[in-house]
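S.K.: sequence first, predicted coordinates after that:
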Amino acid sequence: MKYRKSDAKDYARSHLKGIWAAALTPFQPGGALDETGLRRNLRHWIDDLGLGGLFIAGKQGEFFSMSLAERKRTFELAVEETGRRAGTILSCSDQNLDTVVELARHAEAIEADYVVVHAPVLNFVRPPDDTVYEYYRYLSEKLNIGIAMWSHPDSGYLMSPELCARIAELPNIVAIKYSVPRDMYVRLTKLAGDKLIVSTSSEEEWLDNILELNWQVYLCSTPPYLLQTKFDQRMREYTDLAMRGEAAKARMVRDSLNPVRQALRGSCPGGKVHAHQKYWQELLGQVGGAVRRPLLSLTQAEKDATRQALANCGLRLDASNKIPA
């Protein structure tokens, strides 16, 4: 561990900053974990894009189709490759609480920075607040590492700002990925103060959240490496401008990415987000790889449409600005 449990909040406040990204997990055509590909992506994200940290083995990373051993291995690869150059937040989410604890203790053992744990699926419990509080209280008691909560509609409910603020009183609850309407995360930001670092997955709202809410980290999705390349880092540019208080310049840079956002979103076929994002990665020169069942792969027509959208969106890909063959 890099800090004592009692210092988890202070450590996160000092280190959980800047642009972090949720990693897609590359798989080989036969379905095996592509360790070489994942290492290559991690190095690109850190060395070329300068990301502050990586969110590993979350829903974007297809943890739901991975074995326990594979999830632990992705943890190890991330910690090995990031070293002291970037941070790690490892997703230990699972409906089986023993699995959550086992994964989190592995994260502690390999000296990860934090873990993130999705709120349990409790669509059959009404109201869920006391159950969810006890869930995170138990994890806080069992673990020493800093824990980020994660609230999303697929749990069957949304954690209220008041519940999140209550859980934030626990000593090593340090952050939350709060996938909720903006009015809810604005309220939580004000309620929790310095006790909880709040983030959400929307890149389009990130700039306003820096300027209006004084947010310090973009924690949890793929835009940092899908909207950026080594030769075109406008997300980083507008983030740095906003952090310096140069709001007008930041908004101009942020808005200049609209064609890229529209191309990424508009070329994605329904029900194939993972496969589409992985193919977009490949077009950017990263390792995308296959998806695992039950997810579906892209058809050739869908790949052609994605390639055309990227070619016309204005994102600078490399020195020659050509899409790889």
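M.R.: Ah, there it is. Residues are numbered from 1 along each chain as shown.
S.K.: which pLDDT value goes with the residue lying closest to G87 once chain neighbours are set aside?
M.R.: Closest residue in space to G87, ignoring its immediate chain neighbours: G53 at 3.2 Å, by Cβ to Cβ, 6 or more residues apart in numbering. From N, CA and C alone the C-beta is placed, and that goes for glycine too. In the predicted model, G53 carries a pLDDT score of 98.
S.K.: the protein: strands as residue ranges?
M.R.: 18-22, 53-56, 87-91, 114-118, 146-151, 173-178, 197-199, 217-218 (DSSP state E).
S.K.: so which of these is nearest R137?
M.R.: Nearest to R137, of all the strands of the chain, is strand 173-178, at 9.2 Å by Cβ to Cβ.
S.K.: so for the closest one, mean pLDDT?
M.R.: So the average pLDDT for strand 173-178 ends up being 98.
S.K.: how about stretch 27-41?
M.R.: Averaging pLDDT along stretch 27-41 yields 97.
S.K.: surely I46 meets E81?
M.R.: Yes. With contacts counted by Cβ atoms under 8 Å, I46 reaches E81, the gap being 7.2 Å.
S.K.: surely L196 meets K177?
M.R.: No. Applying Cβ under 8 Å, one finds L196 not in contact with K177, separated by 11.5 Å.
S.K.: starting at the chain centroid, how far to stretch 112-124?
M.R.: Averaging C-alpha positions (Cα atoms, centre = their mean, to the nearest Å) puts stretch 112-124 13 Å from its chain's average.
S.K.: for that stretch, measure first residue to last.
M.R.: One end of stretch 112-124 to the other measures 34 Å (Cα to Cα, to the nearest Å).
S.K.: picking up where we left off before, for the residue nearest to G87, what are its contacts?
M.R.: For G53, the contact set (Cβ atoms under 8 Å, 6 or more residues apart in numbering) comprises 16, 18, 20-21, 82, 86-89, 113.
S.K.: now with 6 Å?
M.R.: Going by Cβ atoms under 6 Å, 6 or more residues apart in numbering, G53 touches 20, 86-87.
S.K.: who's it bridged to?
M.R.: Counting by DSSP bridges, G53 is bridged to W20, G87.
S.K.: and it, how far from R166?
M.R.: Applying Cβ to Cβ, to the nearest Å, the value for G53 to R166 is 27 Å.
S.K.: now swap in H15 and tell me
M.R.: From H15 to R166 the distance is 25 Å (Cβ to Cβ).
S.K.: and L158, by the same measure?
M.R.: Applying Cβ to Cβ, one obtains 15 Å for the distance of L158 from R166.
S.K.: can you tell me the centre-most residue of this structure?
M.R.: Nearest to the geometric centre of the chain sits C220, at 2.3 Å (Cα atoms, centre = their mean).
S.K.: for it, which non-adjacent residue is closest in space?
M.R.: In this structure, C220 finds its nearest non-sequential neighbour in K177, 4.5 Å apart by Cβ to Cβ, 6+ apart.
S.K.: any idea how far the one you found is from A192?
M.R.: 14 Å.
S.K.: and D7, by the same measure?
M.R.: Counting by Cβ to Cβ, the separation of D7 from A192 is 18 Å.
S.K.: so for these two, which sits in the more crowded spot?
M.R.: With neighbours defined as other Cβ atoms under 10 Å, D7 and A192 compare such that A192 has more, 20 against 15.
S.K.: ok, now which ones touch that one?
M.R.: 165, 168.
S.K.: cool, the one 10 residues further on as well?
M.R.: Counting by Cβ under 6 Å, 6+ apart, S202 touches no other residue.
S.K.: if we use 8 Å, what do you get?
M.R.: The contact partners of S202, taken as Cβ under 8 Å, 6+ apart, are S221.
S.K.: one more: I56?
M.R.: Going by Cβ under 8 Å, 6+ apart, I56 touches 23, 74-75, 78, 88-91.
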